[in-house]
Each structure stands twice: as structure tokens, then as C-alpha cells.
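Colleague: I would like the atomic coordinates for the input below:
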Amino acid sequence: MIFITATINFKNFLYWNCRITKLSSFSQGCIDMNLTENTPMLPATKRKLYYYQQQDIDLLFSKLSEPKSTQTRLLYQLSTGGGKTVIFSEIAKRFIQSYGKKVIVLTHRTELCKQTTAALKASGVMNRVVNSGVKKISRKDTFECYVAMVETLKHRIEDGLINTADVGLVIVDEAHHNSFHKLLGRFENAAVIGVTATPFSANIDLPMNKFYNELIIGESISSLIEQGFLAKPKIYGYDVELNTLRTGISGDFTVSTSDELYGSQVMLDLLLHAYESHSIKKKTLIFNNGIFTSKRVLEVFTNAGYPIRHLDNKTSATEREEILKWYKKTKGAILTSVSILTTGFDEPSIQSVMLYRATTSLTLYHQMIGRGARRLNGKKTFNIIDLGNNTERFGEWNAEIDWKHVFENPAIYHESLHKSTSIIHQISPELRAKFPNSLEVSFDVLEAYQTALGSGQKAKIVIRDSIRQQVMMCVDNSGTTVEALQLCSELDKEIDFRIKQYGKCLGKVTKNYLQWLGEDYRSRLHKMVSKIMGKREMLRTAV
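Modeller: The predicted structure follows:
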């Protein structure tokens, strides 16, 4: 597989610097569940499952069969394209057959509701979408399973129209979304299974391990590729200067700054060049961050004579259906989109995915690429064209991720993930000027922590090394003990920052512990500075 990097410098207009490296490959295969809510009820025949799907179904159900299973909250991870919907549909079927209790599947988008109800019907599970037409769920209902949008279900519960006590299992699709958490506590007699490709919350204050007590990890992407279940990617990365992008409240890059960058003629020229180099005549899906940019893409590609349509979350349902039909049947069609098609959309014929945006969201990164990873007869590979440095930020799509470590230590991964998009912490120029004799005044707590754990050392050596560095800063820039101790006091804000970063690395620590740690840090700093400076002054006096 080939990876090409081109560097774009806006001050010097446009410059491509290509380098070629080999990457490992992927491949995927999955059942296309592109059905509708009105799909006829299928006979309850045994569905053909892949071995890894059956294996995970058995494992998950065994967890549900344990004593006090109503207190069980499992989080199940499986990559996009691995068949998560098929798996939890079979889980729902087996649960209903074994316990005779109702199941509710929670989703956050209409498209997922339609996909889920169709998958359940294909498993022989009678189900109904909870929408404005559903007024009550009672013991007399013949439906065994309900598929619900989060907000709709929330309103039905608040209105007292749903008997949550009858529900024995809640399945949360795309469980990384924080909107689900407020409802889980309402089902007092139900076990919970969350399903996601990326068990990582973008909100550092709402980690996944706060709502789920165990993570079950499914087949890895690289394994699915190796076994032919997913298509192999060819990755072409263009290294773009992103210094003009800014992050918003959500933590991702803002639409306004993205539109300013990606709506520029220079970037549009690069996009067209990338398409003509690696995607021409291939069915292509382009992801953008803003509608303005997507419409500019539409204009540029139309003028160049390529078949392209634009789709965003404001497109009417009728027009959207027409566009998707056109896209499906048109050879070499290009679809440029915004805020849509990342979930609940399966078009296996996609041959090329262009990331014409940068994102700080690991989940979005995997979802976008996953649209092209579907395996199809005659399709064994697909292209990924990255114009947002996303591969550099998150790693190669097929890279192994230790999801267990991410689940148990989300703060560490969160800090590491956003390091490339955050402003590097530096002391002020005024404070830096007080340490002219020190070559290095910064200290990366996260890196030191990861290094310590990787080498089998205790975490506390991070604090030790941090103190030692600041001791030398104070000693090397002072002539007397008094001056050195004065410099120690100047470092108060820097010390507070380092303590805070160390606390994030540790995870769940109390404010009292951090306060004590700060006091102990300063005490040790002062003692070491006084000891070293005292010896130096004694030597000078002796001489």
C-alpha cells in the first residue's frame, strides 16, 4: 500500500513534497443492511453469522446470564463494518427467547432507527420504532422490542407513557454519544449493552468507564482485513498547514475557520489535483466540515466536468433520496457532503473516501473512513485521501489501538490525542527571562508519565524528575540561597499546571490529594534548592 505526503505552504502558494512509504493493509466484509422500516417480517430462521460474530454474541450473552445481570453494563467495541447491528440484533433475539422480557434499542439518528428495525426483523424479532405515533408501552403489547430515538423516548418516559420496569435489556447503538447516559438510570430492571467502534468519549468529563463497568473487545480492523471481511485501503496523505484552524466548544475545529481554509482556491486546487491523481473515475465520497466549502467543491468539480452532487443535513428527505439513488447507480459518481452519511449509510460501491477536513474526533475519523471499507464482489481495495493531517493525528486506520487502556485511562489518551491540535504549554516570556542560564524550562508531564509506565517504573518518578528539573533551573540562575528560593516562588503557576496534568494522568484523584501533592512538591523543591545552594555557599566561603 502506498502513502504519499504533499506539503502545502500558503505563504509560498503551493508546494508538493511527496514521499512514499508502505503501509499495512485492511480488508472488510459485512452484510449490507440497507433496508427500510417497512421491510416485511422475515421468518425466524437462523441467520448466517461469521465466526467472530457468533463468538462475541456467546460471550456477551454469557455476561447477561450471570447473577445480578440487571446491574450489568457492558460496552462492546467492534470496528465499523464488522456487523455490530447484526450482533446486537441476535443478542436481542436470544434475550427475548430466554427471559421473555422487552428490549429497547436506543439510537441518535433516524437513519439508524430504520437500519436497526430492519436488522431486528431480519433476525425474526418483532419490533417497533417509538415515535410520535407510539403512545404507550404496556404488558399487553405484542411487540417484543422497541427502537427509539433518545429524545423521543425521554419525552415518553417523562409523560409516564412507558413502563420502564418491563424492560429487561437496553442496547445503546453508537454508545460513545453522551446523550444516552441520562436515560440509562431510568431502566431499573434492565441490563445495558453499549455498542461502538470507538469506546472513547470526546468529553473528558464524561468518560465511558463512568457509565459502563466492563469493556468487551471485538475483532480488530487489521484482523478483519487480513481475513477478507474489509477492503484494503491505499492511503494518500497531503500534509496541510492547519495553523489557521481554531477549536470550538465541542473540541473540534470550527466550521468558520474550516470554511476559510478549505474554501480557498489554493485548497480547492489541491483537492482537484488529489482527485485526478488518485480517484478519477472511482465512486468517491468527499467529507467537508462546512456547507460553504462543500458547495465550493460542487462548483469546482462541476466546472471540471465531473459528475458530482452535494448533500447536507438541510437537504430535504425527498431530494436526499433522489441524490442517493443517483449516487448508487451512477458510475464514477462523486458525492460531497456535510454533517451526514457518517452513520446509518451503507454504500459498498464506494471506492474512494476524501477527508477534505481536519477533525479532532477519533470516532468521526473512523466513521468517515468506514464508509469506503465495505467489501463487495470485485472490490478488494479502496482509497483514503487525507487532506487534514488526520492520519498523523490518529495514526493509520489499521493501526492497533489498546482499547482496554483507553477505556481505563481516558484522560491520558484524551491528552495525547489532542496534543497535536492544542497550544503547547509554555511559560510566559517574562518568566522565561528569569532563567537565562537554563536551556530547557518546559517539562512534558504526559510524555514522562507514559515513559515511566512503559519502562515499568512507578508514576511518582514523574514528580521527582519535574522537581529535579526546576531545582536546577533555580540553582543555575541564582547566586545565593535567597535568590534561588525567590525563583522557586516565581514557579508557582507552572507547578500548579504540572500537578494538574499529573492528576489527569492518574485518573480518579481527589482535590485534597492534589492540594497535598502541590504542598509536598513545593516543600521538596525548597529543601533541595536550599541544600544545594547551602553547599555551594560553604564551598565559596571555604575558598
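Colleague: Which stretches in the stretch 101-250 of the chain count as helices?
Modeller: 110-122, 150-158, 181-184, 221-226 (DSSP state H, counting those that start in this stretch).
Colleague: mind giving me TSV with those helices and columns for distance to Pro410?
Modeller: No exception for glycine: its C-beta is placed from N, CA and C like everyone else's. Putting the helices of the stretch 101-250 of the chain into TSV (distance: least, Cβ to Cβ, whole Å) gives the following:
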stretch	distance to Pro410
helix 110-122	24
helix 150-158	22
helix 181-184	14
helix 221-226	20
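Colleague: Identify whichever of those helices lies nearest to Gln53.
Modeller: Closest of these to Gln53 is helix 221-226, at 11.0 Å (criterion: Cβ to Cβ).
Colleague: Show me where the stretch 351-500 of the chain has its strands.
Modeller: Under the criterion DSSP state E, counting those that start in this stretch, strands of the stretch 351-500 of the chain are mapped to 352-355, 381-386.
Colleague: now the ones you listed in TSV, with mean pLDDT, distance to Asp465 and mean neighbour count?
Modeller: TSV is the format used below for the strands of the stretch 351-500 of the chain (pLDDT from 0 to 100; distance: least, Cβ to Cβ, whole Å; neighbours: other Cβ atoms under 10 Å):
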stretch	mean pLDDT	distance to Asp465	mean neighbour count
strand 352-355	95	38	24
strand 381-386	94	36	24
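Colleague: Of all those, which one is nearest Asp259?
Modeller: With Cβ to Cβ as the criterion, Asp259 lies closest to strand 352-355 of the strands of the stretch 351-500 of the chain, at 15.8 Å.
Colleague: which strands and helices sit next to the closest one?
Modeller: If you count contacts as 3 or more Cβ pairs under 8 Å, 6 or more residues apart in numbering; DSSP states H and E, strand 352-355 packs onto helix 265-278, strand 284-288, helix 362-370, strand 381-386.
Colleague: Highest mean neighbour count across those, which stretch is it?
Modeller: Of all the helices and strands packed on strand 352-355, strand 284-288 has the most neighbours on average by mean count of other Cβ atoms under 10 Å, namely a mean of 26.
Colleague: Going toward the C-terminus from that strand, what's the next helix or strand?
Modeller: Along the chain past strand 284-288, the next helix or strand (assigned with DSSP states H and E) turns out to be helix 291-303.
Colleague: Quick one: closest of the strands of the stretch 351-500 of the chain to Lys282.
Modeller: Among these, strand 352-355 comes nearest to Lys282, with 4.5 Å by Cβ to Cβ.
Colleague: quick revisit: so which of the strands of the stretch 351-500 of the chain is nearest Ile225?
Modeller: Here strand 381-386 is closest among those (Cβ to Cβ), at 10.3 Å.
Colleague: Specify the angle between that closest one and strand 284-288 in degrees.
Modeller: In terms of direction (axes from the mean of the first three to the mean of the last three Cα atoms, to 10 degrees), strand 381-386 departs from strand 284-288 by 20 degrees.
Colleague: what angle do strand 381-386 and helix 265-278 make?
Modeller: Using the same axes, to 10 degrees: strand 381-386 against helix 265-278 is 160 degrees.
Colleague: The chain should start at 682 in everything you say after this.
Modeller: I'll keep to 682 as the first residue from here, and by that count the last item is strand 1062-1067.
Colleague: Kindly spell out which helices and strands sit in contact with strand 1062-1067.
Modeller: When contacts are defined as 3+ Cβ pairs under 8 Å, 6+ apart, strand 1062-1067 packs onto strand 913-921, helix 946-959, strand 1033-1036.
Colleague: What residues does Tyr1194 make contact with?
Modeller: The contact partners of Tyr1194, by Cβ atoms under 8 Å, 6 or more residues apart in numbering, come to Gly1184.
Colleague: Equivalent analysis for the one 5 residues further on, please.
Modeller: Gly1199 sits next to 1176-1177, 1180 when contact means Cβ under 8 Å, 6+ apart.
Colleague: Let's see that with 6 Å instead.
Modeller: By Cβ atoms under 6 Å, 6 or more residues apart in numbering, the contact set of Gly1199 is Ile1180.
Colleague: and what of Ser945?
Modeller: Ser945 neighbours (Cβ under 6 Å, 6+ apart): none.
Colleague: what do you get if the cut-off is 10 Å, keeping everything else the same?
Modeller: By Cβ atoms under 10 Å, 6 or more residues apart in numbering, Ser945 lies in contact with 691, 925, 951, 974, 977.
Colleague: Same list as before, those that is, but in JSON lines and with distance to Arg990 and pLDDT included.
Modeller: What follows is the contacts of Ser945, written out as JSON lines (distance: Cβ to Cβ, whole Å; pLDDT from 0 to 100):
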{"residue": "Phe691", "distance to Arg990": "29", "pLDDT": "31"}
{"residue": "Thr925", "distance to Arg990": "29", "pLDDT": "82"}
{"residue": "Leu951", "distance to Arg990": "22", "pLDDT": "92"}
{"residue": "Thr974", "distance to Arg990": "15", "pLDDT": "94"}
{"residue": "Arg977", "distance to Arg990": "14", "pLDDT": "95"}
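Colleague: Quick check: of those residues, which lies closest to Thr1191?
Modeller: Thr925 (40.4 Å).
Colleague: Can you tell me the closest non-neighbouring residue to the closest one?
Modeller: Leu942 (5.5 Å; Cβ to Cβ, 6 or more residues apart in numbering).
Colleague: Pretty sure the one you found sits against Val921.
Modeller: Yes. Leu942 is in contact with Val921 according to Cβ atoms under 10 Å; the separation is 7.9 Å.
Colleague: among the helices and strands packed on strand 1033-1036, which gets the worst mean confidence?
Modeller: For the helices and strands packed on strand 1033-1036, mean pLDDT drops lowest on helix 1043-1051, to a mean of 89.
Colleague: where's it relative to the chain centroid, distance-wise?
Modeller: 7 Å (Cα atoms, centre = their mean, to the nearest Å).
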